[in-house]
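In: got a predicted model here, sequence first, then my questions.
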Amino acid sequence: MVLLYGDNLNAANISMVYPGVTITRTQTEPDGKHAFVWLNLDPTTKPGTVVLHLKNSSGDTTAKLLLSARPPQAGKYQGVTRDDVIYLIMPDRFADGDPSNDQPPHAAAGTYDRKQPHAYHGGDLKGIQQHLPYLKDLGVTTLWLTPLYQNDDATSDYHGYGGVDEYEVEDRFGTMQDFQNLVTAAHELGMKVLLDMVPNHVGPNHPWAVSQPTPGWLHGTPAHHIDNSTYDFPPISDPHAVPANYIEALDGWFVNKLPDLAQENPLVASYLLQNALWWTESSGIDGFRIDTFPYVPRSFWAYYHTGLFSTYPHFFTVGEVSDTDPTVTSYWAGGQTGFDGIDTRLTTPFDFPMYQAILDVVAHGESAKKIVTVLRQDRFYPHPELLVTFIDNHDKPRFLTEAGGSRDKLKLALSLLATTRGIPQLYYGDEIGMAGGQDPDNRRDFPGGFPGDSNDAFTQVGRTPEQQDVFAHTQSLLKLRHEHPALRTGTQKHVAVTDKYYAFTRETAGERLLIVFHNADAPETLNLDLTGTSIADAKSLTSIFGPSTAQLQDGHLNLKLAPYSLTVYQVK
């Protein structure tokens, strides 16, 4: 399906001549500004340029569609597994690798200003590529990049979520060639790339806000639409709810200004799927992070994922379902049919419930039993082992700030993230203890990524002692995770839990590990009876990470726990 834009296109006759390509259907719109053309390409079709001829009483014109040869498929569309560690990057805030694109000629004055938190700061795709060795050395295996769509300069949408052209890379970030180069370079280093996709809405200054391609392309208009500022999507997961309970979530304009796409319209659904295939095929990425996932009809997600996975069987999708109740979050996980008869086919949602539990327990001193409460509800997910776990992101305050600036608490949270079930996700700068409150304070520039920075945290010599302390801890955690399969793919079993500590095992057929998490500011001595636990037959324990010590005797484990510590023991 090809969408054409222009003037006086109504009632146009559309024709073309190209070997192997035929027009199966056309649809012109009464507004004269849009026309749809459906093309069929048979297997013999050669690369080239299809010239569409349009003619009506107003005159005639042509439109050109490039047909590209499919690039080699090897090493692309790999997906993400439990062996991976995801690293979230906002391109504008990570590193400026090409200062020449900081202020494009067409950009409004003031949209690039590093002193203004809502303006562009100059980070780009080349800057990310230049620092891939840093990420590889840290232990990261997968990059998640926030959206690369062309955004509207007038609103300084540095974050990428206000798209105005779904088929163009934001010129401040670079070009499609820059993105392709980044993906290729990452793959050569054994790393993967996830791209943030936003099928729920477009930016407030998108051309569609003024002129919809067809009636019902959007839910409403800028002047008349439903306000979705309460973000109340849990009723969708309630079998007793009626449409009036969730119409705001599905049809409302996010933050009351982002035009909401009508995915139930077959033309919109086709457009969004084809756009997803275009980004994937053009770049060779390995998966999507999908924004505002619950605000889109579940039927669309079934259609979208069927199209994606039939083309890229190993592709990975992780959806933002921002709710801390596992019974709500799990409703959007793929691999199961909801009460509506639909399987979204989403690979996995983010684990917002575990995020909240770690925040409450480690940063705010609540009972460690909260973590076990979340784990107990893993039964609601078809694949809880694939949940993407995190301690902060671009929409949440930095963990260090939530923890009152305590590096000990930050390191403890990172330790838990690296050793519990799931696929861990770091937010750029977590590994050096970056601080930040609510958006946009949580989106500060990475130190050393920009001209004139006073210190370069991409290098050990450039890091402050405090930054190096957190970096070394994070790096050692990711190395430990890489070296021990049980931390990646092992089953997780409880050993003991109280308000201040949680002991659990991670076990595979060839390895057993005991992890002891201690969330208190003073040392503590414990005696654990291992009777009835998965390590009741343990003969010896060897510490492989962390400061605490253990002694095994007659089925009892004597532990001396250091303050704010997590220790990993190998069990024989």
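Out: Received it, and whenever you're ready, just let me know what you need. Every value quoted in this text rests on a predicted model; they were computed, and no experiment measured them.
In: number of nearby residues for residue 527?
Out: Using other Cβ atoms under 10 Å, residue 527 has 10 other residues around it. C-beta coordinates here come from the backbone N, C-alpha and C atoms, glycine included.
In: and it, which of the three is it?
Out: Put simply, residue 527 is strand when judged by DSSP: H, G, I helix; E, B strand; the rest coil.
In: residue contacts, it?
Out: Going by Cβ atoms under 8 Å, 6 or more residues apart in numbering, residue 527 touches 556-559.
In: just the buried ones from those residues?
Out: Among the contacts of residue 527, those classed as buried by 16 or more other Cβ atoms under 10 Å are 557, 559.
In: between the contacts of residue 527, which sits nearest residue 356?
Out: Taking Cβ to Cβ as the measure, residue 356 lies nearest residue 559 of the contacts of residue 527, at 27.6 Å.
In: that older thread, now, which of the contacts of residue 527 sits nearest residue 244?
Out: Ranked by distance to residue 244 (Cβ to Cβ), the contacts of residue 527 are led by residue 559 at 54.9 Å.
In: for the helix or strand hosting the closest one, packing partners?
Out: Secondary structure assignment for residue 559, by DSSP states H and E: strand 556-561. The contact analysis (3 or more Cβ pairs under 8 Å, 6 or more residues apart in numbering; DSSP states H and E) places strand 556-561 against strand 511-518, strand 524-529, strand 549-553.
In: mind running it again at 10 Å?
Out: Counting contacts by 3 or more Cβ pairs under 10 Å, 6 or more residues apart in numbering; DSSP states H and E, strand 556-561 is packed against strand 491-497, strand 501-508, strand 511-518, strand 524-529, strand 549-553, strand 565-571.
In: what would the ones you listed look like in TSV with mean pLDDT?
Out: Shown next, in TSV, are the helices and strands packed on strand 556-561 (pLDDT from 0 to 100):
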stretch	mean pLDDT
strand 491-497	98
strand 501-508	98
strand 511-518	98
strand 524-529	96
strand 549-553	96
strand 565-571	98
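In: JSON lines for those, including distance to residue 82?
Out: Below are these laid out as JSON lines (distance: least, Cβ to Cβ, whole Å):
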{"stretch": "strand 491-497", "distance to residue 82": "12"}
{"stretch": "strand 501-508", "distance to residue 82": "11"}
{"stretch": "strand 511-518", "distance to residue 82": "14"}
{"stretch": "strand 524-529", "distance to residue 82": "28"}
{"stretch": "strand 549-553", "distance to residue 82": "27"}
{"stretch": "strand 565-571", "distance to residue 82": "17"}
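In: check the contacts of residue 527 and tell me the two furthest apart.
Out: 556 and 559 (10.1 Å).
In: just the C-alphas of the helix or strand where residue 307 lies, formatted as PDB.
Out: Here residue 307, judged by DSSP H and E, is contained in helix 298-311. C-alpha atoms of helix 298-311 as PDB (Å, rounded to 0.1, in the frame of the first residue of the first chain):
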ATOM      1  CA  ARG A 298      -5.100  -5.600  21.300                       C
ATOM      2  CA  SER A 299      -6.500  -6.800  18.000                       C
ATOM      3  CA  PHE A 300      -4.000  -4.600  16.200                       C
ATOM      4  CA  TRP A 301      -1.100  -6.000  18.200                       C
ATOM      5  CA  ALA A 302      -2.100  -9.500  17.000                       C
ATOM      6  CA  TYR A 303      -2.100  -8.300  13.400                       C
ATOM      7  CA  TYR A 304       1.100  -6.300  13.800                       C
ATOM      8  CA  HIS A 305       3.100  -9.100  15.400                       C
ATOM      9  CA  THR A 306       1.800 -11.700  13.000                       C
ATOM     10  CA  GLY A 307       3.200  -9.600  10.200                       C
ATOM     11  CA  LEU A 308       6.500  -9.000  11.900                       C
ATOM     12  CA  PHE A 309       7.200 -12.500  13.100                       C
ATOM     13  CA  SER A 310       6.200 -14.100   9.800                       C
ATOM     14  CA  THR A 311       8.900 -12.000   8.100                       C
END
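In: off-centre distance for that helix?
Out: 18 Å (Cα atoms, centre = their mean, to the nearest Å).
In: show me the shaky parts of this protein.
Out: 155 (pLDDT under 70).
In: now do the closest residue to residue 272 other than its chain neighbours against residue 163, distance only.
Out: With sequence-adjacent residues excluded and distances taken as Cβ to Cβ, 6 or more residues apart in numbering, residue 272 is closest to residue 199, at 4.8 Å. Distance, residue 199 to residue 163, using Cβ to Cβ, to the nearest Å: 11 Å.
In: please apply the same query to residue 361.
Out: Residue 361 sits 37 Å away from residue 163 when distances are taken as Cβ to Cβ.
In: re earlier: between residue 199 and residue 163, which is the more surrounded one?
Out: Neighbour count, other Cβ under 10 Å: between residue 199 and residue 163, residue 199 has more, with 25 against 22.
In: list the contacts for the more buried one?
Out: Neighbour list for residue 199: 166, 261, 263, 268-269, 271-273, 275-276, 288, 290-293, 295-296, 300-301, 304 [criterion: Cβ atoms under 10 Å, 6 or more residues apart in numbering].
In: and those, which of them are buried?
Out: For those, buried by 16+ other Cβ under 10 Å: 166, 261, 263, 268-269, 271-273, 276, 288, 290-293, 295-296, 300-301, 304.
In: narrow those residues to those in strands?
Out: Among the buried ones among the contacts of residue 199, the members falling in strands (DSSP state E) are 166, 288, 290.
In: re the thing from before, would you indicate which residues of the helix holding residue 307 are buried?
Out: Those would be 298, 300-305, 307-309, for helix 298-311 by 16+ other Cβ under 10 Å.
In: and the residues you listed as JSON lines, adding distance to residue 389?
Out: Below are the buried residues of helix 298-311 laid out as JSON lines (distance: Cβ to Cβ, whole Å):
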{"residue": "298", "distance to residue 389": "24"}
{"residue": "300", "distance to residue 389": "27"}
{"residue": "301", "distance to residue 389": "22"}
{"residue": "302", "distance to residue 389": "26"}
{"residue": "303", "distance to residue 389": "29"}
{"residue": "304", "distance to residue 389": "24"}
{"residue": "305", "distance to residue 389": "22"}
{"residue": "307", "distance to residue 389": "28"}
{"residue": "308", "distance to residue 389": "24"}
{"residue": "309", "distance to residue 389": "24"}
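In: so which of the residues you listed is the closest to residue 222?
Out: Nearest to residue 222 among these is residue 300, at 23.0 Å by Cβ to Cβ.
In: helices of the stretch 401-550 of the chain, start to end?
Out: Applying DSSP state H, counting those that start in this stretch to the stretch 401-550 of the chain gives helices spanning 407-419, 465-483, 485-489.
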